[in-house]
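Trainee: Quick one, fold the following:
(2 chains)
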Number of protein chains: 2
Amino acid sequence: MARKTDAPSERTRLRRVHERGHFDAASIYAVLDAMPLCHVGYQLDGAPVVTPTMQWREGDHVYWHGSSASRFLRAAEANQACLTVTLWDGMVMARSGFHHSANYRSCMVFGEAEIIKRPGDKEARLKAMFDVWFPGRWDMLRAMNDKELKATTVLRLPLDEASVKIRTGPPVDDEEDYELPIWAGVVPMTTTTGRPIDDPRNHAGLTAPDHAANFKAG
Amino acid sequence: MARKTDAPSERTRLRRVHERGHFDAASIYAVLDAMPLCHVGYQLDGAPVVTPTMQWREGDHVYWHGSSASRFLRAAEANQACLTVTLWDGMVMARSGFHHSANYRSCMVFGEAEIIKRPGDKEARLKAMFDVWFPGRWDMLRAMNDKELKATTVLRLPLDEASVKIRTGPPVDDEEDYELPIWAGVVPMTTTTGRPIDDPRNHAGLTAPDHAANFKAG
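Mentor: Next comes the predicted model:
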């Protein structure tokens, strides 16, 4: 993916606060790779629908999956979609209401959703999903069967129409407001990964493998 | 808001895994009140756009705001929108790839976005936003001026077309797969609120007020 400094399309162009915008591959990868949770927007019967799901990245595509029975995923094929990943890093508290803000890193990906059709390709993408989140786990699992593969839809968007927005740091107040004796600052927010919780039905003696103990997001 | 046990509309009806669905006010309030971060879906030039922003609830409406210059917010007026709040509670790791899942609480609100037009109403809603997140802060701030009020757009959706989905607990595997000696369990994810960070330009001796020190989300 080329290192871009300008918006790749009209709809990714940032109209406001454009100094927060980034369009290069490293910035896009960094946000997508930090947070599997995403929100995908579809159009269904002429209205927008925003569903939470988990995304993973392979090269210059972002992937997600779900049930083949999902009306959202079925509606997505060859239609425009928007996939957004957001890391909320803090509440920014200023000296005026107007300059309150949030610290965050977000990535928006626009494009035509493509459904991965060939069963071999689909299974390869699902294995890749495990390789991203839980390296080594795929080969430890009971193998996927044809019925499960049919029941699963895998979709992707290319990353050639993506933008990142980042805000960091303290509030930025109107210069004259700094004279006011009002506390200002940031309340930081983070995503925390806990220690794995064993399934009560695990066989005795099984302990969480490294790919579970080392999983991190945020 | 009436206590509903059935989906209030066709598009809020859960077609799959419907035992995860909730439509009563208490369930809807609980998710919205736990997490200000939301993702709002609009339609812009015939394609969906998903933008992260912060929501707050007053009674049976969910509100959000932004710059009056935002093309998304301008496009929202009297158009269909979908506002989704998601708390990601964990990765659910099963004995087969197919039964991996996520624990989460999510709320989707569908409807026609309404822009709050009267300046007095708009300011009252912004004060209410502070009362929800940072009780007492509004009256400590430099007062909002007309220019700032004009530059801010406040929108809302009624909660009469909303649904909640919740998944909790360990993986649910195919019964025969429990015989396999494969570790399964949950990697819990939480949103953590940190201690307030003082703005380096604060006056000497100012300490974070309770509304900053006690802010919590997640």
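Trainee: most distant residue from the middle of chain A?
Mentor: Farthest-out residue of chain A from its mean C-alpha position, per Cα atoms, centre = their mean: A:Glu179, at 40.0 Å.
Trainee: Could you tell me whether A:Lys122 really is in a strand?
Mentor: No: counting by DSSP: H, G, I helix; E, B strand; the rest coil, A:Lys122 is not found in a strand; it is helix.
Trainee: The residue farthest from the centre of chain A and chain B: what is the separation?
Mentor: Between A:Glu179 and chain B the computed distance is 9 Å (Cβ to the nearest Cβ, to the nearest Å). Yep, even glycine has a C-beta here, placed from its N, CA and C like the rest.
Trainee: Got the phi and psi for that residue?
Mentor: A:Glu179 adopts backbone torsions of phi -70, psi -20, taken as degrees, to the nearest 10.
Trainee: pLDDT averaged over stretch A:186-205 - what is it?
Mentor: Average pLDDT, stretch A:186-205: 98.
Trainee: Now do the buried residues in it.
Mentor: By neighbour count on 16 or more other Cβ atoms under 10 Å in any protein chain shown, the buried set for stretch A:186-205 is A:186-189, A:191, A:193, A:196-197, A:199, A:202.
Trainee: Among those, name the ones in strands.
Mentor: Cross-referencing these against strands under DSSP state E gives A:186-189, A:191, A:193, A:197.
Trainee: what sits opposite the residue nearest to the spatial centre of chain A in the beta ladder?
Mentor: With distances taken as Cα atoms, centre = their mean, A:Val85 lies nearest the centre of chain A, 3.3 Å away. Per DSSP bridges, the residues bridged to A:Val85 are A:Cys107.
Trainee: OK, contacts around it?
Mentor: Residues in contact with A:Val85 (Cβ atoms under 8 Å, 6 or more residues apart in numbering or on different chains) are A:31-32, A:35, A:37-39, A:55, A:106-107.
Trainee: and the helix or strand of chain A with the lowest mean pLDDT, what does it pack onto?
Mentor: Among the helical and strand segments of chain A, the one scoring lowest on mean pLDDT, DSSP states H and E is helix A:71-76, with a mean of 85. Under the contact definition 3 or more Cβ pairs under 8 Å, 6 or more residues apart in numbering or on different chains; DSSP states H and E, helix A:71-76 sits against strand A:37-44, strand A:61-67, strand A:152-158.
Trainee: For the first one, list every residue counted as buried.
Mentor: Residues of strand A:37-44 classed as buried by neighbour count (16+ other Cβ under 10 Å): A:37-44.
Trainee: Next, the residues that contact that strand from outside, please.
Mentor: A:48-55, A:62, A:64, A:71-72, A:75-76, A:79-86, A:113, A:217, B:11, B:39, B:41, B:43, B:47-50, B:52, B:82, B:84, B:86, B:88.
Trainee: from the buried residues of stretch A:186-205, which two are the most distant?
Mentor: By the measure Cβ to Cβ, A:Val186 and A:Asn202 form the most distant pair in those, at 41.2 Å.
Trainee: In JSON lines, list the helices and strands packed on helix A:71-76 along with mean pLDDT and distance to A:Trp138.
Mentor: Listed next are the helices and strands packed on helix A:71-76 as JSON lines, based on pLDDT from 0 to 100; distance: least, Cβ to Cβ, whole Å:
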{"stretch": "strand A:37-44", "mean pLDDT": "95", "distance to A:Trp138": "21"}
{"stretch": "strand A:61-67", "mean pLDDT": "97", "distance to A:Trp138": "14"}
{"stretch": "strand A:152-158", "mean pLDDT": "97", "distance to A:Trp138": "14"}
